[in-house]
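Colleague: What follows is a predicted protein model with its sequence.
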Amino acid sequence: MNKKQKKMLIRILAAAAMLIALGFAPVTGPARFLLYMVPYLTVGYDILIKAFKGIRNRQVFDECFLMAVATVGAVALALYEQSGDYTEAIAVMLFYQIGEWFQSYAVGKSRRNISELMDIRPDYANVEQDGTLERVDPDEVEIGSVIVVQPGEKVPIDGTVTEGVSTLNTSALTGESLPRDVKAGDAIISGCINMTGVLKIRTEKEFGESTVSRILDLVENASSRKSKSEDFISKFARVYTPAVCYAALALAFLPPVVRMLAFGVPAQWGTWIYRALTFLVISCPCALVISIPLSFFAGIGGASREGVLIKGSNYLETLSQTRTVVFDKTGTLTQGVFEVNGIHHSELENERLLEYAALAESASSHPISLSLQRAYGKEIDRSRVTEIQELSGNGVTARVDGVSVAAGNEKLMDRLGIPFIRCHSVGTIIHMAIDGKYAGHIVISDVIKPHAKEAIRALRAAGVRKLVMLTGDRKSVADQVASQLGLDEVYSELLPADKVEKVEALLQGKPEKEKLAFVGDGINDAPVLRRADIGIAMGAMGSDAAIEAADVVLMDDDPLQIAKAIRISRKCLGIVYQNIVFAIGIKLICLLLGAVGIANMWLAIFADVGVMILAVLNAIRALFAK
Amino acid sequence: MMKKTYKIDVDCANCANKMEEAARRTAGVKEAVVNFMTLKMNVEFEEGADPKAVMQEVRANCKKVEDDCEIFL
């Protein structure tokens, strides 16, 4: 609670206590009026002043004005009818203030909640100077300085580890609780929490350009990009309040006049003015105007806690309408690293064959050779290999332990005149010949990510109808991945420009309301990310280009996050629609009931304050995304 | 193109909408967005406008529609 809120709370409690006490006080006449004015002014003086200022500035239809007119009107009516019933007017003002107080408290609270969630901003950096550590503002650390991060501290600035070994907790950035190990030479990004060892880091960016600052900036500005629902509500509020005011005016004067002139019955001014005043109390658009942006704000905040950064309320809205998801293959559905996936028809033990292959390829830095060496997994003793000959486009021949080894594709086998067995597997095939005889082949292929299949299922469950994969890879590889994952369409052997064209064709082939999302790793698909209705970049930790180009950034490279992002957006938009329908619905019903005289001032207060409180509580649900 | 962000203080969401409108109507402002949740106002200025002078105007106009608001310039 801040100072303003405390003061208001005291005023509310004081006025409420006085009102209750007055209920037992047997005073009548002018004394009663004067006594009742004490709690009224205690709780509502600022509203009256604001209303007056509003009129002076020709801003008539604001809520202070409405409340002022409604309550002053009710008091006047009580005086005119000599009923002495001032409680209602005071209660209206009291409840209005309670509503305002609650709103300010709830908004402040969720503001703090969300900034706590995003509490990844490091407050200081430790710079080593002449052997002693000095705490400085991270803003003042220059590129190339060496900073020290102790266990339990946040990494303040992006850089490279120069000394130390440790485990990092990246959950604040990625929502992923699995710790990550770092050692000297590894790149490190700000926002991670150092858990075990002391690290020395050479900074590579300024604080303002570091991951943590960029993310905070992105999330804080996200709710400034307003969604269609928000625009709708602000337009609605602009029309709604004046409309209800005019309706109230009409209700106060038309029916009595018609009664008098047309039917010759008593006008019943009091009744109709009372009904008109009820209208004014209901007319405040607060519930709508606060709950919609609050829902989006909470949704974006909740998503960022899960490692899903959404760059604007508008994107959250579009994301919820996604019916088609287009994937890039490499790095998105597959890991983009080549691995030995099988060894067939081997005349030797598989290990031996792999050892020969790894040794023969030991001089090459081709990704395929590297994956062979990785699969072999042991230290390579180069002295065992002699006469290495690389035949470009074919493979390698060499002598390993004095035995001739050939490792390469079909062309190499043809060239050496060695009969071989064709492979039906998809991927890159390394045929092996040892001592001039065929010795089997090794299959190397890109591996599907562990959660890819689950992610596809989750996407379908989240309501995505069409799943498409685009890739520059060969058709056989692409088709195999697609059928393994159960995708609907696949387009292979595409150049980057072709991908944009394909996405454009897909955009044209779908109904306007169903949105298309493109998911890529953000490395060379920026044009496609921009072209799609919504661009999702994966595994963006530390990749500036991806954060720049995409509308939604997944900090992690787990494809399950895509479905999670869509689920979060659906939930948030669900809450938004609930609030719109609920708030407008209740208000319209109460207006109707008020017009025919069923609803009294108390129901009107519920329609205003009660609905607002419920809508705010509902909006806060968006924070808890799962 | 000049864009600046200002911290603001305002109590209710509808008031924030009104401030946004008032800011947009001010001469020299090309586009203004008020974010009630983060209490920030992003202003994009017209070509050649002096942000300082324009913001004084914006502040005055906002005060007119919502007496209680504040823009921290």
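Modeller: Nice, I can see it.

Colleague: Around chain A, which positions in chain B sit nearby?
Modeller: B:11-15, B:17-18, B:33, B:35-40, B:42, B:64-68 (CB under 8 Å from any CB of the partner chain). All C-beta spots, glycine's among them, are computed from the backbone N, C-alpha and C.

Colleague: So how do I select the buried members of those in PyMOL?
Modeller: Selection of buried members from the residues of chain B next to chain A for PyMOL, criterion 16 or more other CB atoms under 10 Å in any protein chain shown:
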select buried, chain B and resi 11+12+13+14+15+17+18+33+35+36+37+38+39+40+42+64+65+66+67
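
Colleague: Now, the residues of chain B next to chain A that are in helices?
Modeller: Among the residues of chain B next to chain A, the members falling in helices are B:13-15, B:17-18, B:64-65 (criterion: DSSP state H).

Colleague: Among these, which pair sits farthest apart?
Modeller: B:Ala13 and B:Lys64 (18.8 Å; CB to CB).

Colleague: For A:Val447, give me its contacts.
Modeller: A:334-335, A:337, A:339, A:341 (CB atoms under 8 Å, 6 or more residues apart in numbering or on different chains).

Colleague: if you go through chain B in chain order, where are the strands?
Modeller: B:2-9, B:29-35, B:40-45, B:70-72 (DSSP state E).

Colleague: got the buried residues for stretch A:25-39?
Modeller: Buried-residue list, stretch A:25-39, by 16+ other CB under 10 Å: A:32, A:36, A:39.

Colleague: Out of those residues, flag the one nearest to chain B.
Modeller: Chain B has its nearest neighbour among those in A:Pro39, at 22.1 Å by CB to the nearest CB.

Colleague: isn't that closest one right next to A:Leu13, touching?
Modeller: No. Taking contacts as CB atoms under 8 Å, A:Pro39 lies outside contact range of A:Leu13: 10.8 Å.

Colleague: What residues does B:Ala32 make contact with?
Modeller: With CB under 8 Å, 6+ apart, B:Ala32 has these contacts: B:20, B:23-24, B:26, B:41-44, B:58.

Colleague: Which pair of these spans the longest distance?
Modeller: Spanning the widest gap among the contacts of B:Ala32 are B:Thr26 and B:Asn42, at 14.1 Å by CB to CB.

Colleague: worst average pLDDT in the strands of chain B?
Modeller: Ranked by mean pLDDT, the strands of chain B end with strand B:2-9 at the bottom, a mean of 84.

Colleague: what's the nearest residue to A:Ala106 if we skip its chain neighbours?
Modeller: Nearest non-adjacent residue to A:Ala106, counting by CB to CB, 6 or more residues apart in numbering or on different chains: A:Val616, 4.8 Å away.

Colleague: Just say helix, strand or coil for the one you found.
Modeller: Put simply, A:Val616 is helix when judged by DSSP: H, G, I helix; E, B strand; the rest coil.

Colleague: With the one 5 residues further on instead?
Modeller: Here A:Arg621 takes the helix state, with states given by three-state DSSP.

Colleague: Check whether it really touches A:Cys572, as I assumed.
Modeller: No. With contacts counted by CB under 8 Å, A:Arg621 stays clear of A:Cys572, the gap being 9.1 Å.

Colleague: Would you mind telling me which of these two has more residues around it?
Modeller: Looking at A:Arg621 and A:Cys572 with other CB atoms under 10 Å in any protein chain shown, you find the greater number of neighbours at A:Cys572, namely 30 against 17.

Colleague: For chain A, what lies in contact range of chain B?
Modeller: Residues of chain A lying near chain B (CB under 8 Å from any CB): A:50, A:53-54, A:57, A:59, A:62-63, A:100, A:103-104, A:107, A:110-111, A:220-221, A:223-224, A:226, A:234, A:237, A:285-286, A:289-290, A:293-294, A:297.

Colleague: PyMOL command for the buried members of those?
Modeller: In PyMOL syntax, the buried subset of those is picked out as below (16+ other CB under 10 Å):
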select buried, chain A and resi 50+53+54+59+62+63+100+103+104+107+110+111+220+221+223+224+226+234+237+285+286+289+290+293+294+297
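
Colleague: so of the residues of chain A next to chain B, which ones are in helices?
Modeller: A:50, A:53-54, A:63, A:100, A:103-104, A:107, A:110-111, A:220-221, A:234, A:237, A:286, A:289-290, A:293-294, A:297.
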